[in-house]
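[1] Okay, here's the prediction I keep looking at, along with the sequence it came from:
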Amino acid sequence: SYIDPWFITENFEQKKFVFDEKGKAIVSEIDSIRQLSKGLICYDDGLSGFINTKGKIAYHLSYKDFNDFGGAVKPVEFDRWEVYKGANKVNEWSCDSLVQKNGFWIKYLNGAQHIMLQEGKELKEHELIGINEGQVIVKHTVSGRWSVRNSDGEVIFEGYDEIVSKGKFYFAKREEKWDLYNKFGRKINEYPLEEIRQGVPNYFIAKRNGFWGIIDFDGEVFIEFKYDAINLVSQELYTVQFFNKWGIMNKYGNWMIQPNFQALEVHDRLAIGSRGALRSFFFDGALFANLTYSIVDIIEGVPVLEDSGKYGLINPTNSMLYRPTFDTVMVRGELLHFYKDSAIMLMHRDGIMKVGFEEGFQGFGEYSYGHVSVKRNGKWGFVDRQSRLRIANRYDDVRPFSQGFAPVKLKGKWGFIDTKENLMVQPFYDDVAPFHDGLSVFKTDAGIGLVDAHGKERLSGWSRIDRLATGNYLVVDNEGKVGLVDKNGSFILRPDFTWLDDLENKIIVKKNQKMGALDYQGNQLIKIEYSEVKKTDNFLVAKK
């Protein structure tokens, strides 16, 4: 095409070339162009440059874009990002955004990714797909072909439609066939594979000529390609379909359960095989029950059975069958709950009875600190692991023990007791949270606060207090200002900021629409003068 005074051509990869009126190439292999009154904007891999009407490159490919105001062409710069390690600035780049992934920095320029390699090299015209042990999986933005490269950008192997990393190996797909590579770029399989999946460590489930088998890390056939399906269910076992019947095979290729079932499911050490209405239950490969009951759920490895609206379960720990005669059954950790006629039986998974129906309990909570909450006659108390009543049923409500203290509710207010039922925190509060590091968040009409295990209030009257992942507390005052309190209830930062992010030993803060970073002593690691500060891996990046 011709745009006075330039000639524009395009190759088969839709890359454009710009020539002057004498046929001299000005720029080659760019993505697109846009005409302004004073010249051409050239776009390539997220960068923009400008050619004036005299055929000269006025601005090289390094800008975000260009504007035309009153006939004067002005370049639009990218944002400037600075990279900090602690208080030290270690790098800076111009781009829209910047992230680090497993040692590789990635610049985003108008949507294009520039992968920063060793010694300042850039891998352009590639989209980063994944990172695996210092190697990158990338996709060429023009050809669409995938490759694996090292940290210098050198090709390990290339030319595929898709590549998936699996630890020290790669699955590579081309024209609907798969190859297996190691991290050094050696192709392991001799024949193309129709499908491939991870097996037990250093072995791979593969499909060839319509049948499934297993190959090892050298490409040698370990289990013959003669099965209808193979699925990995643990680091030791496979479910295998052979002549439309399912069984279980161990990692050595030996049958643990013969392929006799229409369907088969595995839950840890428990396997359930189905043949019509009959279900066979195996524990560690040994048959312990054949039943016709329906399985309505499997909770923590325990199958829940149903028959005519009644429920039961199989306890795999001791191969015990509880037939479906109960109104409800529940599994909570090591405890099995059975509900019948408004009463409860509590059984440990090892088969030891904890509480019988005759004791008349109406509800149970969770075990913690050797106690479980129990409800009887409409009131709550606690029993120990031997089902002995340790804390009488005198409370309106209770919650599990945490750090040796349980929230209890009396006359509509919450406090705390210890395991000997000493009232450690008086029931003054509308609500309380469990103790963490000796502190609980409480709520009253006057606001939110912190109270310790001796009932001493460390903070009170705040609009909001949130316990953070670091163990510190975000506090918000009535004006919406935020601060930071440590695990002892002492201030790290007074509420003088509109936003903060506690990163453990450093804090990103926002004040007066500007952002920066402080240490826990309040010293500035990054001055509060940036439009954006964020964490990426072990670095902080700040935008001017």
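    On my side now, so go ahead. Residues are numbered from 1 along each chain as shown.

[2] Could you pull up the residues touching the nearest residue to residue 165 once chain neighbours are set aside?
    Excluding the flanking residues, the one nearest residue 165 by Cβ to Cβ, 6 or more residues apart in numbering is residue 132, at 3.8 Å. To be clear about C-beta, it is placed using only N, CA and C from the backbone, and glycine gets the same treatment. Contacts of residue 132 were listed using Cβ atoms under 8 Å, 6 or more residues apart in numbering, and they are 148, 165, 167, 170, 183.

[3] give me the number of residues near the closest residue to residue 68 other than its chain neighbours?
    When the adjacent residues along the chain are set aside, residue 68 lies closest to residue 36, with 4.7 Å between them (Cβ to Cβ, 6+ apart). The tally of other residues near residue 36 (other Cβ atoms under 10 Å) stands at 16.

[4] dump the residue contacts of residue 36.
    By Cβ under 8 Å, 6+ apart, the contact list for residue 36 reads 50, 66, 68, 73.

[5] which two in those are spaced the farthest apart?
    By the measure Cβ to Cβ, 50 and 68 form the most distant pair in the contacts of residue 36, at 10.2 Å.

[6] Tell me which helix or strand residue 290 sits in.
    Per DSSP states H and E: residue 290 is located in strand 286-291.

[7] And for whichever helix or strand comes after that strand, what's in contact with it?
    Proceeding N to C from strand 286-291, the next assigned helix or strand is strand 294-299, under DSSP H and E. Strand 294-299 is contacted from outside by 267, 272, 279, 303-307, 311, 330-331, using Cβ under 8 Å, 6+ apart.

[8] Following the chain onward from strand 294-299, which element is next?
    Remark: after strand 294-299, the chain's next helix or strand is strand 302-307, criterion DSSP H and E.

[9] Can you tell me the strand partners of that next one and which way each runs?
    Strands adjacent to strand 302-307 in the sheet, as given by DSSP bridges, are strand 294-299 (antiparallel), strand 310-315 (antiparallel).

[10] Extract the residue ranges of the protein that are flagged as low pLDDT.
    Residue ranges of the chain with pLDDT under 70: 1-2.

[11] Quickly list what residue 263 is bridged to.
    residue 274.

[12] OK, contacts around it?
    Applying Cβ under 8 Å, 6+ apart, we find residue 263 in contact with 246, 273-274.

[13] Please convert the buried members of these into ChimeraX selection syntax.
    In ChimeraX, this line selects whichever of the contacts of residue 263 come out buried by 16 or more other Cβ atoms under 10 Å:
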select :246,273
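
[14] got the contacts of residue 263 as TSV, with distance to residue 432 columns?
    Output for the contacts of residue 263, formatted as TSV (distance: Cβ to Cβ, whole Å):
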residue	distance to residue 432
246	52
273	49
274	49
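
[15] Closest one of the contacts of residue 263 to residue 29?
    Using Cβ to Cβ, these come closest to residue 29 at residue 246, 55.5 Å.

[16] Does that closest one lie in a helix or a strand, and which?
    Per DSSP H and E, residue 246 falls inside strand 245-250.

[17] Quick one: list the elements packing against that strand.
    The helices and strands touching strand 245-250, judged by 3 or more Cβ pairs under 8 Å, 6 or more residues apart in numbering; DSSP states H and E, are strand 237-242, strand 255-261, strand 263-267.

[18] Let me know whether residue 138 touches residue 124 as I believe.
    No. Using Cβ atoms under 8 Å, residue 138 is not in contact with residue 124, being 10.5 Å away.

[19] Of the two, which one has the most company?
    A direct count of neighbours by other Cβ under 10 Å for residue 138 and residue 124 places residue 138 higher, at 25 against 16.

[20] circling back: quick one, which of the strands paired with strand 302-307 is packed in tightest?
    Of all these, strand 310-315 has the most neighbours on average by mean count of other Cβ atoms under 10 Å, namely a mean of 22.

[21] buried stuff in the helix or strand following that one?
    Using DSSP H and E, the helix or strand that follows strand 310-315 towards the C-terminus is strand 320-326. Residues of strand 320-326 classed as buried by neighbour count (16+ other Cβ under 10 Å): 320, 322, 324, 326.

[22] and the angle for the next helix or strand along the chain from strand 320-326 with strand 302-307?
    Using DSSP H and E, the next helix or strand after strand 320-326 towards the C-terminus is strand 328-332. Strand 328-332 runs at 180 degrees relative to strand 302-307, counting by axes from the mean of the first three to the mean of the last three Cα atoms, to 10 degrees.

[23] Dump strand 328-332 to PDB, keeping only the CA atoms.
    Extracted C-alpha coordinates of strand 328-332, given in PDB (Å, rounded to 0.1, in the frame of the first residue of the first chain):
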ATOM      1  CA  THR A 328     -28.500 -38.300  61.100                       C
ATOM      2  CA  VAL A 329     -24.800 -39.100  61.200                       C
ATOM      3  CA  MET A 330     -21.800 -36.800  61.200                       C
ATOM      4  CA  VAL A 331     -18.000 -37.000  61.000                       C
ATOM      5  CA  ARG A 332     -16.000 -34.500  62.900                       C
END
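
[24] Just the buried positions in stretch 21-30, please.
    Buried residues in stretch 21-30, counted by 16+ other Cβ under 10 Å: 26-27, 30.

[25] And for stretch 161-178?
    Residues 163-165, 169-173, 177-178 are the ones in stretch 161-178 that count as buried (16+ other Cβ under 10 Å).

[26] Would you point out the most distant pair within the residues you listed?
    With Cβ to Cβ as the measure, no two of the buried residues of stretch 161-178 lie farther apart than 165 and 177, at 18.5 Å.

[27] The contacts of residue 132 in strands, which ones?
    Residues of the contacts of residue 132 located in strands (DSSP state E): 148, 165, 170.

[28] The first one against residue 137, yeah?
    Yes. The pair residue 148 / residue 137 is scored as a contact, 5.6 Å apart, by Cβ under 8 Å.

[29] Mind listing the shared neighbours of those two?
    Here residue 148 and residue 137 have 163, 170 as joint contacts, going by Cβ under 8 Å, 6+ apart.

[30] before we move on, back to that, between residue 50 and residue 68, which has more neighbouring residues?
    In this view residue 50 and residue 68 are compared by other Cβ under 10 Å, and residue 50 has more residues nearby, 22 against 13.

[31] which residues touch the nearest residue to the more buried one once chain neighbours are set aside?
    In this structure, residue 50 finds its nearest non-sequential neighbour in residue 59, 4.2 Å apart by Cβ to Cβ, 6+ apart. Applying Cβ under 8 Å, 6+ apart to residue 59 gives the contacts 48-50, 66, 75.

[32] top of those residues by neighbour count?
    Neighbour max across the contacts of residue 59 (other Cβ under 10 Å) = residue 48, 24 neighbours.

[33] helix/strand/coil for that residue?
    Following DSSP: H, G, I helix; E, B strand; the rest coil, the label given to residue 48 is strand.

[34] Run a quick neighbour tally on the closest residue to it other than its chain neighbours.
    Excluding the flanking residues, the one nearest residue 48 by Cβ to Cβ, 6+ apart is residue 63, at 4.7 Å. By the criterion of other Cβ under 10 Å, residue 63 has 19 neighbours.

[35] Quick check: residue 63 vs residue 106, distance?
    Look at residue 63 and residue 106: by Cβ to Cβ, to the nearest Å, they are 20 Å apart.

[36] Next: residue 435.
    Taking Cβ to Cβ, one finds residue 435 at 43 Å from residue 106.

[37] And for residue 169?
    24 Å.

[38] what do you get for residue 190?
    For residue 190, the distance to residue 106 - Cβ to Cβ - is 37 Å.

[39] Between these two, tell me which one has more neighbours.
    Per other Cβ under 10 Å, whichever of residue 190 and residue 106 has more neighbours is residue 106, with 20 against 9.

[40] Tell me which strands the helix or strand containing that one pairs with, and in which orientation.
    In the assignment (DSSP H and E), residue 106 maps to strand 104-109. Applying DSSP bridges to the sheet, strand 104-109 is found paired with strand 97-101 (antiparallel), strand 112-116 (antiparallel).
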